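J.: fold the stuff below for me.
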Amino acid sequence: MFDENFSKFGENVPLKMNKKVSLYAEFSEFSRKQIQYFVDTFKKYDEDQDNFIDFNELKRMMEKLGEAQTHIALKELIKKVDEDKDGKISQREFLLIFRLAASGELSCSEIFKTLADNVDVAKEGVLGAANFFQAKIEEQTKLSRFEEEMKEEKEEKKRLEEEKKARREKFLANKSIFH
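T.: Numbering: from 1, shown residues only. Reported below is the predicted structural model:
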């Protein structure tokens, strides 16, 4: 087990103090702009604005990102970062997801790692990062539609081939009757 007064991720960052620790100080591996982007992302998906992301909000967020997860995977994700065991993700715990994703410690970390790595907030700025995030959602939606169209075309082609084969067999059967 780990000492309740310190983070279980190896940093000596006090968790339970009267004095509040700055997110910027605690998550020094991220730039200030990246942290602001993560906070803005958190706020975007905190639909009821209670300063927590609950299970359903996390589920919808992952679906919008094109990374739908199983019920069990989402519960495991919450369990990994939910240090106060309230079943919800606070802003600080949300940043822990990105820390774990960057270190490869999450099973569903690809989307978080992609977001953390691919968005150069320093270059793009927070608005540019938000636009990237929205573009990523739209790209996933387009890919899903494209894949669906491809599947429909393939099924249509298969159906037409089967109809052609049936007509040919019927023709050959009729031809043999007359000869």
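J.: okay, CA-based contacts and neighbour counts for the rest of this
T.: OK.
J.: now the helices for this protein?
T.: 23-26, 32-45, 55-64, 71-81, 91-103, 110-118, 121-178 (DSSP state H).
J.: of these, which shows the lowest average pLDDT?
T.: Mean pLDDT is lowest for helix 110-118 among these, at a mean of 53.
J.: assess the claim that Val39 and Gln91 are in contact.
T.: Yes: counting by C-alpha atoms under 8 Å, Val39 does reach Gln91; the two are 6.7 Å apart.
J.: what's the overlap in contacts for the two?
T.: Listed contacts common to Val39 and Gln91 are nil; contacts here mean C-alpha atoms under 8 Å, 6 or more residues apart in numbering.
J.: residues near Met61, how many?
T.: Look at Met61: counted by other C-alpha atoms under 10 Å, it has 20 neighbours.
J.: which one is it nearest to, not counting chain neighbours?
T.: Closest residue in space to Met61, ignoring its immediate chain neighbours: Tyr45 at 6.3 Å, by C-alpha to C-alpha, 6 or more residues apart in numbering.
J.: what about the one you found, neighbour count?
T.: By the criterion of other C-alpha under 10 Å, Tyr45 has 19 neighbours.
J.: show me what contacts it?
T.: 53, 57-58, 61.
J.: which of those residues has the most neighbours?
T.: Going by other C-alpha under 10 Å, Ile53 tops the contacts of Tyr45 with 26 neighbours.
J.: quick check: it vs Ile89, distance?
T.: Counting by C-alpha to C-alpha, to the nearest Å, the gap from Ile53 to Ile89 is 5 Å.
J.: just the CA trace of stretch 169-179, in CSV.
T.: The C-alpha coordinates for stretch 169-179 follow below in CSV (Å, rounded to 0.1, in the frame of the first residue of the first chain):
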residue,chain,number,x,y,z
GLU,A,169,-28.0,-21.1,-62.7
LYS,A,170,-31.7,-20.6,-63.7
PHE,A,171,-30.7,-19.9,-67.3
LEU,A,172,-28.5,-23.1,-67.4
ALA,A,173,-31.3,-25.1,-65.9
ASN,A,174,-33.8,-23.8,-68.4
LYS,A,175,-31.3,-24.4,-71.3
SER,A,176,-30.8,-28.0,-70.3
ILE,A,177,-34.6,-28.6,-70.2
PHE,A,178,-35.0,-27.5,-73.8
HIS,A,179,-32.0,-29.5,-75.2
